[in-house]
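Novice: Just to be clear, the model below is a prediction. Sequence and coordinates:
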Amino acid sequence: MSTGELVIEDLRAGIPGREILQGLSLTVRSGEVHAVMGPNGSGKSTLAHVLMGRPGYEVLGGSVTLDGIDLLALPTWQRARAGLFLAMQHPIEVPGVSLVESLTAARQTVPGGPFPDVLERLNAEAARISFDERFLDRSLNVDLSGGERKRNETLQLGVLRPRFAVLDEIDSGLDVDALADVGRRVQEATSEWGLGVLAITHFRRLLDVLRPDVVHVLSGGRVVATGGAELAEIVDRTGYAAYT
Ligand code: ADP
Ligand code: MG
């Protein structure tokens, strides 16, 4: 069982000429689910990109550590090796690379060393979220619908078993059944191996399945409110106006 913490302290970051995250702090411990909600343009995806080290974003101040390791000093692949995983809001197509090939390469980098049974895990995980096995041999995300791509991200999470996962609107594009499958799978991971989750979402519906321990509201690149699951319900009822 994984134990540890992902600590974001006073993070300031953006694109050249524009600071988007303006002093963001939060700490996720293993096994916890933190929801990050916030209006369009509040910096949620920027947070996800900066955590994973996407080119084009600059860090202007603050720190991000995983068990004391300075993630911001590492290239993306080493952040993944340290145990960080990103489910992208808009998963990209990678023609010519299958899911199996991608996971076989990625398993070299997971904490605890490579695991032998990629196909076994892949099939087991696909069954758990009702992911059609026809898609497993296809090029990564090519010709997949938005919802299928989100299931695909969840599948990769289940196979690689990272320590901390940032889920950028994993619920967008999912129908109700897929939402339940995906939410349940991630929730189970928190107790199965102590996955810590930063779940970026607009909607409370995901949080009915993936139960947040903590809810943060982001506005203008800062955390402006933090609370328990009840905060997501308040936001759902009253909108973000009170927090902007
Ligand atoms: P959210 O995910 O909360 O909707 P984003 O983090 O995507 O918000 O964006 C925050 C703000 O920063 C928006 O105004 C967006 O247009 C801007 N922004 C983010 N990334 C870029 C980029 N690569 N180039 C230009 N503007 C960007
Ligand atoms: Mg976004």
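Specialist: Yep, that arrived. Numbering: from 1, shown residues only. Ligands and ions are numbered 1, 2, ... in the order given.
Novice: what about the helix or strand hosting Val223, near ligand 1?
Specialist: For Val223, the element it lies in under DSSP states H and E is strand 222-227. No: using CB under 6 Å from any ligand atom, strand 222-227 stays clear of ligand 1, coming no nearer than 12.1 Å. For glycine as for every other residue, the C-beta is placed from the backbone atoms N, C-alpha and C.
Novice: Would you mind writing the CA trace of that strand as PDB?
Specialist: Provided in PDB are the C-alpha atoms of strand 222-227 (Å, rounded to 0.1, in the frame of the first residue of the first chain):
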ATOM      1  CA  ARG A 222      -5.900  30.300  -6.700                       C
ATOM      2  CA  VAL A 223      -7.700  28.100  -4.300                       C
ATOM      3  CA  VAL A 224     -10.500  30.300  -3.000                       C
ATOM      4  CA  ALA A 225     -12.500  27.800  -0.900                       C
ATOM      5  CA  THR A 226     -11.800  24.400   0.600                       C
ATOM      6  CA  GLY A 227     -14.200  22.100   2.300                       C
END
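Novice: helices and strands around the very next helix or strand once past it, which ones?
Specialist: Next helix or strand after strand 222-227 toward the C-terminus (DSSP H and E): helix 229-238. In terms of contacts (3 or more CB pairs under 8 Å, 6 or more residues apart in numbering; DSSP states H and E), helix 229-238 is packed against strand 33-37, helix 204-209, strand 214-219.
Novice: Using the three-state scheme, assign the closest residue to Ser30 other than its chain neighbours.
Specialist: Using CB to CB, 6 or more residues apart in numbering and skipping residues adjacent in sequence, the residue nearest Ser30 is Gly194, 4.1 Å away. Counting by DSSP: H, G, I helix; E, B strand; the rest coil, the backbone at Gly194 sits in coil.
Novice: ok, residues contacting the host helix or strand of Gly147?
Specialist: In the assignment (DSSP H and E), Gly147 maps to helix 146-160. With CB atoms under 8 Å, 6 or more residues apart in numbering as the contact definition, helix 146-160 has outside contacts at 85, 87-88, 91, 99, 102-103, 106-107, 110, 118, 121-122, 125-126, 128-132, 135, 140-141, 144, 165, 167, 170-175, 178, 181-182, 185-186, 189, 195.
Novice: Just the buried residues of stretch 70-77, please?
Specialist: Going by neighbour count (16 or more other CB atoms under 10 Å), the buried part of stretch 70-77 is 71, 74.
Novice: can you offset everything so residue one is 139?
Specialist: New numbering, starting at 139: the last item is stretch 208-215.
Novice: How far does that stretch stretch from one end to the other?
Specialist: End-to-end distance of stretch 208-215 (CA to CA, to the nearest Å): 14 Å.
Novice: In PyMOL, select just the buried ones from the contacts of helix 284-298.
Specialist: Buried residues within the contacts of helix 284-298, by 16+ other CB under 10 Å, are selected in PyMOL with:
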select buried, resi 223+225+226+229+237+240+241+244+245+248+256+259+260+263+264+267+269+273+278+279+282+303+305+308+309+310+311+312+316+319+320+323+324+327+333
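Novice: Quick check: residues of this protein near ligand 1?
Specialist: Proximity of the chain to ligand 1 (CB under 6 Å from any ligand atom) is limited to residues 153, 158, 176, 178-184, 194.
Novice: Among those residues, which are located in strands?
Specialist: Judged by DSSP state E, the subset of the residues of the chain next to ligand 1 located in strands is 153, 158.
Novice: So which of the residues of the chain next to ligand 1 belong to helices?
Specialist: Those of those mapping onto helices are 182-184, per DSSP state H.
Novice: Spit out the contact partners of the nearest residue to Tyr378 once chain neighbours are set aside.
Specialist: Of all residues not flanking Tyr378 in the chain, Pro177 sits nearest, at 4.5 Å (CB to CB, 6+ apart). Taking CB under 8 Å, 6+ apart, we find Pro177 in contact with 357, 378, 382.
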